[in-house]
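A.B. asks: sequence unknown, structure follows:
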């Protein structure tokens, strides 16, 4: 069992930056692939970014590539999402998730989820 707690969300103007954190506890965090997803009102949850357990590889949604960076610190049991050049369309609840067997873009493969943190980007 893994427990995940996100933090760092808030209100920011377009063009600004935020860094989200996701603190994990429970089973060895370092063996899980980690992902960030987001969900806007009335929309399906969508993939944002993912990172493999040993940090050797990452993947991003096209909509955030070049603006967002996912990273992790296994010693601190924490995964981060640095978000730069934010746009109003980035407004959503952001969730981190842990995958026992991979680090894909399909939210259905993830096993554990945090409660989410709201990110609001004003124009």
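C.D. replies: Sure thing, it's come through. Quantities reported herein were computed from a predicted structural model and do not represent experimental measurements.
A.B. asks: Now do the contacts for residue 101.
C.D. replies: Each residue near residue 101 by CB atoms under 8 Å, 6 or more residues apart in numbering is listed here: 33, 109. For the C-beta atoms, the positions are set from N, CA and C on the backbone; glycine is no exception.
A.B. asks: what's the burial count for residue 107?
C.D. replies: When neighbours are counted by other CB atoms under 10 Å, residue 107 registers 17.
A.B. asks: May I ask you to confirm that residue 30 belongs to a helix?
C.D. replies: Yes - Residue 30 forms part of a helix when assessed by DSSP: H, G, I helix; E, B strand; the rest coil.
A.B. asks: Would you confirm that it contacts residue 76?
C.D. replies: No - the pair residue 30 / residue 76 is not scored as a contact, 10.6 Å apart, by CB atoms under 8 Å.
A.B. asks: what's the spacing between stretch 110-123 and its chain's center?
C.D. replies: Mean C-alpha position of stretch 110-123 versus that of the full chain (CA atoms, centre = their mean, to the nearest Å) differs by 7 Å.
A.B. asks: Stretch 2-20 too?
C.D. replies: Distance of stretch 2-20 from the chain centroid (CA atoms, centre = their mean) equals 9 Å.
A.B. asks: how far does that stretch stretch from start to finish?
C.D. replies: End-to-end distance of stretch 2-20 (CA to CA, to the nearest Å): 18 Å.
A.B. asks: Secondary structure element holding the residue nearest to the spatial centre of the chain?
C.D. replies: The centroid of the chain falls nearest to residue 36 when counting by CA atoms, centre = their mean (2.3 Å). Taking DSSP states H and E as the criterion, residue 36 maps to strand 33-39.
A.B. asks: so what strands line up beside that strand?
C.D. replies: Neighbouring strands of strand 33-39 in its sheet, by DSSP bridges, are strand 46-51 (antiparallel), strand 92-99 (antiparallel).
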